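Novice: 3D, please:
(one chain, ligands or ions: 1)
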Amino acid sequence: MAQALYRPELGYYERAAGRIGRGGDFYTSVSVGSVFGELLARRFAAWLGQIPGERLLILEAGAHDGRLAADILSALRKLAPDPARRIGYGLLEPSPQRREWQAQTLREFADRVTWYASLNELPPSSVAGVIFGNEFLDALPVHRLGWDAPARRWFEWRVGWAGQRFCWVRPPRSATGDTLAAPLAEALQTEFGDWLRPALLAALPDGYTLEVRPAATAWWRQAAKVLRAGWLVAIDYGFTTAEALRPERTQGTARAYARHRYADDLLAAPGEQDLTAHVNFTPLIAAGEAAGLTTEGLSSQASFLVATAEAAGEVETFGRWKPAQRRQFQTLVHPAHLGERFKVLVQSRSAR
Ligand SMILES: C[S@@+](CC[C@H](N)C(=O)[O-])C[C@H]1O[C@@H](n2cnc3c(N)ncnc32)[C@H](O)[C@@H]1O
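Specialist: This is a model prediction of the structure:
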């Protein structure tokens, strides 16, 4: 997944900026229009107003072509003029190619924006403000684990090459029978822990597949440590561990997308299709709390954005919104569109 999405020059997210939106492979809340960024800007401005007296940073991960950053910065300029330049905007971006796209989109905000290749460039407790990502965590690589029912143990699905194409390979049972590498066993425990009780395991069919997401959990843990004061936010599709183990989900949630359709074969056309898997919010909540954050809520995008609009007094002025803005809002919050599919996890650390 890491190679197919991020390998320089060949990876899906390295080769063309226009992957997202009507002409690309999938929609995000950002590609719906600028209302999403405007509402986030309102929410962030209200939050940042609660942190007294220090320099603040809005730090975005997975900013892709910089569209959402531009929408947020434009809205903030109108909403909360900041002549003292207290608020900076950071982009977490390992890829030089994407930095270039982002710098172009954000030309007019060049004096506000700083790039960081990863969280490693930010010491612990160095950020006061908001750290967030929209559809970022679902794009981090996952491991697919399968259940070996006769042997009653998990194995990792591997990728092989046969007949001029990639294929899934179930590893042979080793002499010791111990087929899961220690970091994956640990990730399985972190994400599914007590849920994988003997009675449940006994009911799983041979080959039942789920994902573990150690990269997402590690990222969240590190972001929580970097946050001295403020909010850590993930907007993404996903579930909790309890929902992850539905019996009908026998093949997990990893999916490929191309031209607005699910593509069945995750391994087909690497670099040509997006790959993604549901975010499991349960280990993120635990990792943030272990780092001292308070969980403010895990809600649907609909309730998060409606509450944001209400708090900003937008609902009373709704009648004055332009029809295009109203349509965007409906797409963002309607259950049949993006309102229920996307969830918002908010954790915080108080400024004191
Ligand atoms: C599904 S896209 C989301 C794009 C955008 N946030 C939006 O909502 O339209 C995921 C993005 O995360 C980026 N990404 C992946 N790994 C990353 C990492 N370690 N740090 C920062 N960005 C990363 C990908 O390149 C891609 O642009």
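Novice: so which residue of this structure comes closest to the ligand?
Specialist: Using Cβ to the nearest ligand atom, the single residue of the chain nearest to the ligand is G62, 2.9 Å away. (Each C-beta comes from the backbone N, C-alpha and C, glycine too.)
Novice: who touches that residue in this structure?
Specialist: If you count contacts by Cβ atoms under 8 Å, 6 or more residues apart in numbering, G62 has them with L92, G133, N134, E135, F136, L137, A139.
Novice: pretty sure the third one contacts G37?
Specialist: No: applying Cβ atoms under 8 Å, one finds N134 not in contact with G37, separated by 9.3 Å.
Novice: now the contacts of G62 in CSV, with neighbour count, pLDDT and secondary structure?
Specialist: CSV is the format used below for those (neighbours: other Cβ atoms under 10 Å; pLDDT from 0 to 100; DSSP: H, G, I helix; E, B strand; the rest coil):
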residue, neighbour count, pLDDT, secondary structure
L92, 21, 98, strand
G133, 24, 98, strand
N134, 24, 97, strand
E135, 21, 96, coil
F136, 20, 97, coil
L137, 28, 98, helix
A139, 23, 96, helix
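Novice: Could you dump those into JSON lines with distance to A151 added?
Specialist: Output for those, formatted as JSON lines (distance: Cβ to Cβ, whole Å):
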{"residue": "L92", "distance to A151": "41"}
{"residue": "G133", "distance to A151": "38"}
{"residue": "N134", "distance to A151": "41"}
{"residue": "E135", "distance to A151": "37"}
{"residue": "F136", "distance to A151": "36"}
{"residue": "L137", "distance to A151": "32"}
{"residue": "A139", "distance to A151": "33"}
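Novice: Can you pick out the most distant pair from those residues?
Specialist: Farthest-apart pair in those is L92 and E135; separation 14.0 Å (Cβ to Cβ).
Novice: contacts with the ligand among the contacts of G62, please.
Specialist: Restricting these to those near the ligand by Cβ under 6 Å from any ligand atom leaves L92, N134, E135, F136, A139.
Novice: Which single one of these is nearest to A103?
Specialist: The closest of the ones next to the ligand among the contacts of G62 to A103 turns out to be L92 (Cβ to Cβ; 14.5 Å).
Novice: Show me the beta-bridge partners of the nearest residue to that closest one once chain neighbours are set aside.
Specialist: Excluding the flanking residues, the one nearest L92 by Cβ to Cβ, 6 or more residues apart in numbering is A61, at 4.3 Å. Note on A61: beta-bridge partners by DSSP bridges are L92, G133.
Novice: low-confidence ranges in the protein?
Specialist: 17-18, 174-178, 315-319 (pLDDT under 70).
Novice: returning to that earlier point: relative to A336, how far out is the residue nearest to L92?
Specialist: In this view, A61 and A336 are 28 Å apart by Cβ to Cβ, to the nearest Å.
Novice: One more: L5?
Specialist: Taking Cβ to Cβ, one finds L5 at 29 Å from A336.
Novice: Check V142 too.
Specialist: Distance, V142 to A336, by Cβ to Cβ: 27 Å.
Novice: So between those two, which is more surrounded?
Specialist: More crowded of V142 and A336, by other Cβ atoms under 10 Å: V142, with 25 against 9.
Novice: show me what contacts the residue nearest to V212 when sequence neighbours are not counted?
Specialist: Closest residue to V212 apart from its sequence neighbours, by Cβ to Cβ, 6+ apart: A187 at 4.0 Å. A187 makes contact with H143, V212, R213, P214, T217, according to Cβ under 8 Å, 6+ apart.
Novice: What's opposite the first one in the beta bridge?
Specialist: According to DSSP bridges, the partner residues bridging H143 are V212.
Novice: list the contacts for it?
Specialist: H143 touches E156, L184, A187, E211, V212, R213, P214, counting by Cβ under 8 Å, 6+ apart.
Novice: and the residues you listed as TSV, adding distance to the ligand?
Specialist: Output for the contacts of H143, formatted as TSV (distance: Cβ to the nearest ligand atom, whole Å):
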residue	distance to the ligand
E156	21
L184	20
A187	17
E211	16
V212	17
R213	13
P214	13
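Novice: now for those, which pair is the farthest apart?
Specialist: Spatial extent of the contacts of H143 (Cβ to Cβ) is set by the pair E156 and R213 at 13.4 Å.
Novice: Comparing these two, which shows the higher neighbour count?
Specialist: R213 (25 against 16).
Novice: Do I have it right that the more buried one meets A139?
Specialist: No: contact between R213 and A139 fails when scored by Cβ under 8 Å: they sit 11.0 Å apart.
Novice: Ignoring the adjacent residues along the chain, who's closest to A254?
Specialist: A277 (4.3 Å).
Novice: quick one: contacts for that neighbour?
Specialist: D138, V142, E211, R213, G252, T253, A254, R255.
Novice: ditto for R165
Specialist: R165 makes contact with L267, A268 under the criterion Cβ under 8 Å, 6+ apart.
Novice: what's across from it in the sheet?
Specialist: Under the criterion used here (DSSP bridges), R165 is bridged to A162.
Novice: now the helices for the stretch 51-200 of the chain?
Specialist: Remark: helices assigned in the stretch 51-200 of the chain by DSSP state H, counting those that start in this stretch are 67-79, 96-105, 182-192, 198-203.
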